[in-house]
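Peer 1: predicted model follows, preceded by the sequence.
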Amino acid sequence: MGVTSQQPDQIKSPLAIADYRRYWIARFLAVFSMISVVVLIGYQTYDVARADYGMSLSEAAFQLGLLGLAQFIPLFLLTPVAGIVADRFDRRVVVLIANLLNGSIALALAILTMQDALTLPILFTLAGMYGGARVFSGPALSAIAPNIVPPHLLPRAIALGSIAWQVGAVIGPGIGGLLFEISPSLPHFISAGLMLISGGLIMSLRPIRAKQEGPRVHPFRQILMGFQFVKRERFLLGCITLDLFAVLLAGANALLPVYARDILNVGADGLGFMRGAIAVGAGSVALLLSFRPLENNVGVKMLWAVGVFGAVTIAFALSRNYMLSLALLAILGAVDMVSVFIRTSLIQLNTPDQMRGRVSSISGLAISASNELGEMQSGVAAAILGATGAIVFGGAGAIFITLAWAWLFPEIRKARTFSSKYIEEETPREKPG
């Protein structure tokens, strides 16, 4: 550590900062293992329901909805607490503990898979525990980046962080699916080890604790203050809820096992490549944005990205060609990355540091609700409409939400650039290089 040899505005890339490089690798490894476990739990749940319980396609698809609900309940209950934890304690330690819990769950899943002892109740329980552990990692990990890079590099750091996420999301399910074909327990063992390495890298950063201003406030009051802040800042409220409702309706991820096993007939490794295709599209756009960040008319571009997301979701639902489906999933990832990049940058830049953990947790709750409750919605809709009808319905819903939010939240349409209301010019205590 020590005093930086360059002024903050002289640093041209977040990767010139050693702390950020370690943070980037840790994020990549955590996502690699996390997405691999999440995708394979979904596939194993659907496969166990079909093979061991003799369920029909629609009945097994409904189990995927229940799996999403099992993950959402702990997320819903623990997210407000996770935000407070990220704002009151060393964020490195929070991430480390969450990684250790996730690694332990992956290890248990590996052992049970090896012993052929998986049942639906066990899978639901492990998925719920995994969701509960992840909820503490998200807000703390997201809040670290603004503490280790200068403010003028934050949009680029967010784009690079998204690359870490997307590259991990590409390689995780892809390699996980291939390893699953070799030995179903092997990818879970690897995920457990990578979680441990990721936690060690995070602990190598300098201590990171949010700045506290004013007198200490009771934790429950702090939680309420976080929600009040988001409610008061209509711009943030619009950004967070746009993603919540659009992905809640249009998320096709929950039904990818149905397409992989029974519609496109490509199996677990094919499912890995389908999930990987989404991340390839997203990672490509994130790489582009790290070199050429969006600067103008960011609000309108975010709305367009969500609308296109809904339209491409409909096209994927109707496709019966595997290669076309992969291409459409890549486009889905690309437009989703545009939305994620803009929304994340706006939220981080318009939130004071002492509240960033809580606001990140609220944003994370919205994302989790859209993902996990979206899985529940998809499962229920698939049981009623079939997998194709459910995804078409969701895509149309996302388009409607985009039009409605453009009218309800004109603040989004009027957002021209990434402006910072709260972040002060601080020099990270880390030597570049």
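Peer 2: Alright, I've got the coordinates.
Peer 1: what residues are up against residue 393?
Peer 2: 249, 381, 385 (CB atoms under 8 Å, 6 or more residues apart in numbering). Glycine gets a C-beta too; all of them are placed from N, C-alpha and C.
Peer 1: right, and the helix or strand after the helix or strand it falls within?
Peer 2: Element membership for residue 393 (DSSP states H and E) is helix 374-408. Note on helix 374-408: by DSSP H and E, the next helix or strand toward the C-terminus is helix 410-413.
Peer 1: keeping just the C-alphas, turn that following helix into PDB.
Peer 2: Output of helix 410-413 as PDB, limited to C-alpha atoms (Å, rounded to 0.1, in the frame of the first residue of the first chain):
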ATOM      1  CA  PRO A 410     -40.000  11.000 -17.300                       C
ATOM      2  CA  GLU A 411     -36.800  11.400 -15.200                       C
ATOM      3  CA  ILE A 412     -35.400   8.400 -17.000                       C
ATOM      4  CA  ARG A 413     -36.100   9.800 -20.400                       C
END
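Peer 1: does anything pack onto it? Which helices or strands?
Peer 2: Packing contacts for helix 410-413, counted by 3 or more CB pairs under 8 Å, 6 or more residues apart in numbering; DSSP states H and E, involve helix 234-250, helix 298-318, helix 374-408.
Peer 1: swap the cut-off to 7 Å and go again
Peer 2: Packing partners of helix 410-413 (3 or more CB pairs under 7 Å, 6 or more residues apart in numbering; DSSP states H and E): helix 234-250, helix 298-318.
Peer 1: now the first one: buried residues?
Peer 2: Along helix 234-250, these residues count as buried under the neighbour rule (16 or more other CB atoms under 10 Å): 235-250.
Peer 1: picking up where we left off before, what's the spacing between the helix holding residue 393 and its chain's center?
Peer 2: Centroid separation for helix 374-408 versus its chain: 19 Å, with CA atoms, centre = their mean, to the nearest Å.
Peer 1: could you do stretch 71-82 as well?
Peer 2: 15 Å.
Peer 1: export the contacts of residue 393 to a markdown table and tack on distance to residue 143 and pLDDT?
Peer 2: Shown next, in a markdown table, are the contacts of residue 393 (distance: CB to CB, whole Å; pLDDT from 0 to 100):
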| residue | distance to residue 143 | pLDDT |
| --- | --- | --- |
| 249 | 29 | 71 |
| 381 | 35 | 79 |
| 385 | 40 | 83 |
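Peer 1: which one of these sits closest to residue 329?
Peer 2: residue 249 (17.4 Å; CB to CB).
Peer 1: and the angle from the helix holding residue 393 to helix 298-318?
Peer 2: Here helix 374-408 runs at an angle of 140 degrees relative to helix 298-318 (axes from the mean of the first three to the mean of the last three CA atoms, to 10 degrees).
Peer 1: so helix 374-408 versus helix 234-250, what angle?
Peer 2: Using the same axes, to 10 degrees, helix 374-408 lies at 140 degrees relative to helix 234-250.
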